[in-house]
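Peer 1: sequence first, then the predicted structure:
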Amino acid sequence: MDDTTKFLLGPVLALLPILVWELAIKPSRRRRNLALLLIAELELNLEELAYYRVFREENAENYLVNLLLPRSSFTAVQGMIAELPASDLRDLVRFYALTEKIDATHVKLAATLAILNSSTTPDDKAILSAAISAGTQRLGRILDEAWDLGAEARLSLDDVVRSSWMDAPPVIASTESIMSSARSRRAQGFSA
């Protein structure tokens, strides 16, 4: 190679590692870390949803328990989630929208139950009992939908983690093991 070619290629070759880092490795690493954080929160949510599903199986008539579905990680990284693939992003946003519906339905049911407990007339009790029954069924449907969507979103995010350039990704728990853990937790008498 002549000196002119070396002189012209030198800066390009010096910039090549920086370009690879900035354009390929760094964005892949950022997506991976974001996906890992969201997977961890989704697993927490799925554990809670599994517990409520087990509780519902045991108490078909009234399974109104304290609901706590964490959303702090999702809230904290909202500005960065656009880096995820569109299909994963859609599932994730839909899942968290369902958690909002779960909270709203739960609060409404709790308020209706409080009114029922303070009600004195049989007509009021019948109306409120019917409202609680309908709300409980709606909550059950939303919980089931959130379970399915959360499991799908978690698997999609796992694909993002596995496609990154980093070291071996952690193994995510299967939905069966999450349900088994919830049954064990319920059998031991832990509350939600």
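Peer 2: Great, that's in hand. Since this is a predicted model, take the numbers as computed values, not measurements. Numbers count the residues shown, from 1 in each chain.
Peer 1: what comes up buried for stretch 104-124?
Peer 2: Buried residues in stretch 104-124, defined by neighbour count with 16 or more other C-beta atoms under 10 Å: 105-106, 109, 112-113, 116. No exception for glycine: its C-beta is placed from N, CA and C like everyone else's.
Peer 1: report the central residue of the chain.
Peer 2: Leu42 (3.0 Å; C-alpha atoms, centre = their mean).
Peer 1: re the thing from before, from the buried residues of stretch 104-124, pick the one nearest Ile178.
Peer 2: In terms of C-beta to C-beta, no member of the buried residues of stretch 104-124 lies closer to Ile178 than His106, at 20.6 Å.
Peer 1: ok, back up a step: what's the strand or helix carrying the residue nearest to the centre of the chain packed up against?
Peer 2: Following DSSP states H and E, the helix or strand that holds Leu42 is helix 26-58. Where contact means 3 or more C-beta pairs under 8 Å, 6 or more residues apart in numbering; DSSP states H and E, helix 26-58 is packed against helix 72-76, helix 86-118, helix 122-162, helix 175-187.
Peer 1: among these, which comes closest to Leu8?
Peer 2: Closest to Leu8 of these, according to C-beta to C-beta: helix 122-162, at 38.7 Å.
Peer 1: one step back: leaving out sequence neighbours, find the closest residue to the residue nearest to the centre of the chain.
Peer 2: Of all residues not flanking Leu42 in the chain, Arg154 sits nearest, at 4.6 Å (C-beta to C-beta, 6 or more residues apart in numbering).
Peer 1: give the contact list for that neighbour.
Peer 2: The contact partners of Arg154, taken as C-beta atoms under 8 Å, 6 or more residues apart in numbering, are 39, 42-43, 46, 172.
Peer 1: pull out the buried residues from those residues.
Peer 2: In terms of neighbour count (16+ other C-beta under 10 Å), the buried residues within the contacts of Arg154 are 39, 42, 46, 172.
Peer 1: any idea which of the residues you listed is closest to Arg185?
Peer 2: Closest approach between the buried ones among the contacts of Arg154 and Arg185, by C-beta to C-beta: Leu46, at 13.0 Å.
Peer 1: where's the closest one relative to Met179, distance?
Peer 2: According to C-beta to C-beta, to the nearest Å, Leu46 stands 9 Å off from Met179.
Peer 1: re earlier: residues contacting the residue nearest to the centre of the chain?
Peer 2: By C-beta under 8 Å, 6+ apart, the contact set of Leu42 is 95, 150, 153-154, 157.
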